[in-house]
Every structure is written in C-alpha cells, then in structure tokens.
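# What follows is a predicted protein model with its sequence.
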Amino acid sequence: MKFCVVGLGLMGRRRIRNLRVLGYDDIVGFDIREDRRMEVEKYVAGTTKDFNLTRVDAVIISTPPDMHQQYVEVCLGQGLPCFMESNTFDWGIADVEQTAGAYQELVAPSCTLRYYSLVQKMKEILDKKTIGDPWAFTAHCGQYLGQWHPWEKISDFYMSDRDYGGVWEMMQYELVYLTWLFGYPKWRQGRVTAVADLNMQIANKRGILDFGSLDMTFDNCVGHLTADVISKKFIRECKIMCSKGMMIWDASDKEGTLKIFNDDGVLAQTIWADEKKIEKGYNSVIKEEPYEKELKAFIDAVEGKATYPYTLEDERKRLAIMEVLR
C-alpha cells in the first residue's frame with residue numbers, strides 16, 4: 001500500500017514514523033516548504049512540493065486544521081481513503097459526511113486519546129459499573145505553548161491562531177476521550193479567554209486565547225473541563241466520582257497511572273499505563289503507541305478488516321460542543 005502524507009511538520013513526521021513501524025515504507029511526503037521536505041527525505045520513498053495523488057492508495061492529512069477541507073475534498077474527488085488529524089472547528093464536515101456516505105468513501109478523523117491504555121481502562125470500568133454509576137468528573141489539560149515547538153516561534157505554527165489554535169485545540173482534543181466516556185452533553189456553558197503574556201510573542205493583535213473552562217450536563221452525570229496553554233509543567237488528569245467509589249487518571253508525568261478508590265475512599269488499585277515508547281525530542285509524557293494504534297485502525301478499515309471506530313458524525317458532534325463558547 002502506498003501512502004501520501006500531506007504536511008511534513010511535527011504531526012506529519014510522526015505519521016511517517018507510525019507508518020514505518022507498522023511496516024509501510026512506500027510513502028511520499030508533500031509539503032510546500034523545502035526545509036520540511038529535506039527533514040524527512042531519508043525516511044520516505046520520495047517528497048514533492050506539488051500535490052499529486054497519482055498511484056497513491058491512501059492519504060494522511062497532517063496539515064493545520066484550516067487546511068483539512070481542501071485536501072479531504074480532493075481525496076473524495078479521486079476516490080481515495082484519507083485520515084485527518086483532529087479538527088478544532090467545523091469547516092463543513094456535514095457536507096463531507098454526506099458525500100463520503102453517498103460514495104462509501106472513508107474519511108477517518110483522528111481520535112488518539114481513545115487509544116490510551118488508561119482511557120480504555122476507564123471506559124471499561126464505566127461500562128461494567130465496577131465502581132457504580134458516574135456522578136461527576138473534572139478534567140484538566142495544560143501545557144505552555146512555548147514548549148510545543150521550541151525550535152520555532154509561536155507565530156510560525158497554527159497554535160498562534162486565535163480562532164482555532166491556542167486553548168481551542170486543547171479543549172477539543174480532550175473532548176475526544178470525554179465524549180467516549182460520557183457521551184455528548186445535553187447542556188454546556190463556559191468561556192475562553194487570554195490571561196498570559198503569549199501575545200507579546202506574536203504579531204496577531206487579536207491575541208491567543210490561552211485559558212478555557214467548560215461545564216457540561218450529560219444524561220447520567222455532570223462534568224467540568226479546564227484547558228490551558230500556559231501551564232509550565234504539562235498537566236493531564238481526570239477525576240471521576242462514582243456511586244461506589246472514584247478513579248483518578250494522571251498522565252501528567254512520564255509514568256501515567258489510574259488509581260481506583262473503593263466506596264470508603266480507600267485506594268484499591270493502581271494501574272500503570274502500557275505506553276512506553278518516547279520519541280527523542282518530544283515531551284516524555286507523549287508516547288508513540290496510541291498514534292500507531294489509531295493509524296493501524298485506519299489501515300484496517302481501508303483494507304476492509306474492520307470499521308474505523310470514530311466517524312465524521314462523532315467529529316461533527318464533538319466540535320459542536322465548543323461552538324457555544326464562540
């Protein structure tokens with residue numbers, strides 16, 4: 001199978017690594033920037049500055065979110081299955097959903113956090129009601145934006161965009177796993193704002209939105225999400241209070257844990273994350289295995305071995321949650 005990876009920045013390079021780990025090395029990398037093409041040349045069959053999908057079997061779209069639509073539409077027009085990185089706003093996904101459905105073409109949105117071993121364990125515990133029914137949860141994810149791409153200015157990559165970067169990215173990313181655990185909220189309210197000095201580092205005078213909070217009501221519980229791009233130490237945690245106990249997922253450090261507490265509040269079990277693989281130059285809390293697993297799920301769907309588990313409808317409904325904050 002031959003792949004085209006569109007966009008050779010941080011995520012495009014990761015997807016090339018993922019493909020190679022999975023045993024696929026017939027890869028062409030597309031990017032208009034010469035420096036990015038040169039960076040991946042020794043890992044792919046070829047690179048190009050001209051977007052051409054001739055003799056390609058599947059496409060990985062790893063561009064900033066505001067460029068997803070144009071490449072997805074080209075793939076649909078040529079009957080090619082495609083995988084795209086997580087979206088931070090709805091650019092017309094319902095139209096793509098309708099077209100893809102009509103022609104039975106696969107468009108697979110990323111859902112990386114659903115492949116984290118401890119997120120899957122939380123899902124299992126909730127589904128089996130091991131500690132009863134969920135009552136409430138709090139979740140928080142944060143990382144200082146200046147640590148994301150330390151090799152370039154904040155203004156040089158998409159996270160500096162006020163409309164779909166900054167805290168928008170963080171909140172939407174966490175909602176991927178929260179909607180899997182709890183479903184889609186029937187009510188929500190919140191706010192996003194700018195509180196730090198990030199705007200001094202970019203020319204965008206409207207500024208980066210760097211802190212957000214979201215309160216949600218579901219059919220069976222309530223929840224709160226906080227996200228930011230100002231935490232100098234990476235934070236990712238989720239606390240779920242249930243009728244017969246609670247659990248705390250902490251992925252803020254290199255070794256992630258899920259702690260299960262019984263009805264008396266006593267620690268009953270500590271489960272360690274399965275993921276171990278850390279790529280040189282990346283934050284040690286970000287492991288490679290979940291990215292590999294979701295790309296394997298996409299390839300399995302392309303080959304007709306399984307159905308991709310996260311649909312365009314799922315993506316559209318997730319993105320709609322945040323629209324109340326705009």
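Right, received. Where do you want to start? Numbering: from 1, shown residues only.
# Angles on the backbone of residue 228, please.
phi -160, psi 160 (degrees, to the nearest 10).
# for residue 265, same thing?
phi 80, psi 10.
# any idea how far it is from residue 53?
Applying C-beta to C-beta, to the nearest Å, the value for residue 265 to residue 53 is 57 Å. Heads up, the C-betas are built off the backbone N, CA and C, glycines and all.
# Count the neighbours of residue 213 for me.
When counting by other C-beta atoms under 10 Å, one arrives at 18 neighbours for residue 213.
# number of nearby residues for the closest residue in space to residue 148 that isn't next to it in sequence?
In space, and not counting its chain neighbours, residue 148 is closest to residue 159: 6.2 Å by C-beta to C-beta, 6 or more residues apart in numbering. Counted with other C-beta under 10 Å, residues neighbouring residue 159 total 23.
# now the one 3 residues further on
Residue 162 is flanked by 17 other residues according to other C-beta under 10 Å.
# quick one: secondary structure of it?
coil (DSSP: H, G, I helix; E, B strand; the rest coil).
# Go ahead and confirm it touches residue 209.
Yes: judged on C-beta atoms under 8 Å, residue 162 makes contact with residue 209 at a distance of 6.0 Å.
# ok, back up a step: which of residue 265 and residue 53 has more residues huddled nearby?
It is residue 53, of residue 265 and residue 53, that has more neighbours when counted by other C-beta under 10 Å, with 21 against 9.
# Thought residue 74 was touching that one, still the case?
Yes: Residue 53 is within contact range of residue 74, at 7.0 Å (criterion: C-beta under 8 Å).
# Need the overlap of contacts for these two.
Residues touching both residue 53 and residue 74 by C-beta atoms under 8 Å, 6 or more residues apart in numbering: none at all.
# And the nearest residue to residue 9 once chain neighbours are set aside, which helix or strand is it part of?
Spatial nearest neighbour of residue 9, chain neighbours left out: residue 36 (6.3 Å); criterion: C-beta to C-beta, 6+ apart. Per DSSP states H and E, residue 36 falls inside helix 34-40.
# And the helix or strand following that helix, what's buried?
For helix 34-40, the following helix or strand on the C-terminal side (DSSP H and E) is strand 46-48. Of the residues in strand 46-48, residue 47 count as buried by neighbour count, 16 or more other C-beta atoms under 10 Å.
# Check stretch 245-257 too.
For stretch 245-257, using 16+ other C-beta under 10 Å, the buried residues are 245-252, 256.
# Could you single out the nearest of those to residue 6?
Nearest to residue 6 among those: residue 251, at 28.9 Å, using C-beta to C-beta.
# Is the closest residue to that closest one other than its chain neighbours part of a helix or strand, or is it coil?
Spatially, and ignoring its direct neighbours in sequence, residue 251 is nearest to residue 236 (4.2 Å; C-beta to C-beta, 6+ apart). Under three-state DSSP, the three-state class of residue 236 is strand.
# How much space separates residue 236 from residue 178?
Counting by C-beta to C-beta - residue 236 and residue 178 are separated by 12 Å.
# Same check on residue 301?
From residue 301 to residue 178 the distance is 24 Å (C-beta to C-beta).
# Could you check which of the two has the larger neighbour count?
Using other C-beta under 10 Å, the more surrounded residue of residue 301 and residue 178 is residue 178, with 24 against 18.
# Tell me the residue in this structure that is farthest from the middle.
residue 264 (35.3 Å; C-alpha atoms, centre = their mean).
# Can you give the domain ranges for the protein?
Domain ranges of the chain: 3-109, 113-284, per automatic domain parsing.
# Using a markdown table, please lay out those domains together with mean pLDDT and distance to residue 294.
Listed next are the domains of the chain as a markdown table, based on pLDDT from 0 to 100; distance: least, C-beta to C-beta, whole Å:
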| stretch | mean pLDDT | distance to residue 294 |
| --- | --- | --- |
| domain 3-109 | 95 | 8 |
| domain 113-284 | 90 | 5 |
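# re earlier: ok, which pair from the buried residues of stretch 245-257 is furthest apart?
245 and 252 (21.7 Å).
# quick one: the helices in the stretch 151-300 of the chain?
For the stretch 151-300 of the chain, the helices defined by DSSP state H, counting those that start in this stretch occupy 166-182, 289-302.
# and the residue nearest to residue 9, how far is that from residue 152?
Residue 36 is 11 Å from residue 152, by C-beta to C-beta.
# again, but for residue 83
On the measure of C-beta to C-beta, residue 83 and residue 152 end up 25 Å apart.
# Tell me which of those two has more neighbours.
Taking neighbours as other C-beta under 10 Å, residue 83 and residue 152 compare with residue 83 leading, 26 against 11.
# follow-up on the earlier one: same for the helix holding residue 36, what does it pack against?
Secondary-structure packing of helix 34-40 (3 or more C-beta pairs under 8 Å, 6 or more residues apart in numbering; DSSP states H and E): helix 10-21, strand 46-48.
# how about TSV for the ones you listed, with distance to residue 122 added?
Formatted as TSV, the helices and strands packed on helix 34-40 follow (distance: least, C-beta to C-beta, whole Å):
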stretch	distance to residue 122
helix 10-21	24
strand 46-48	40
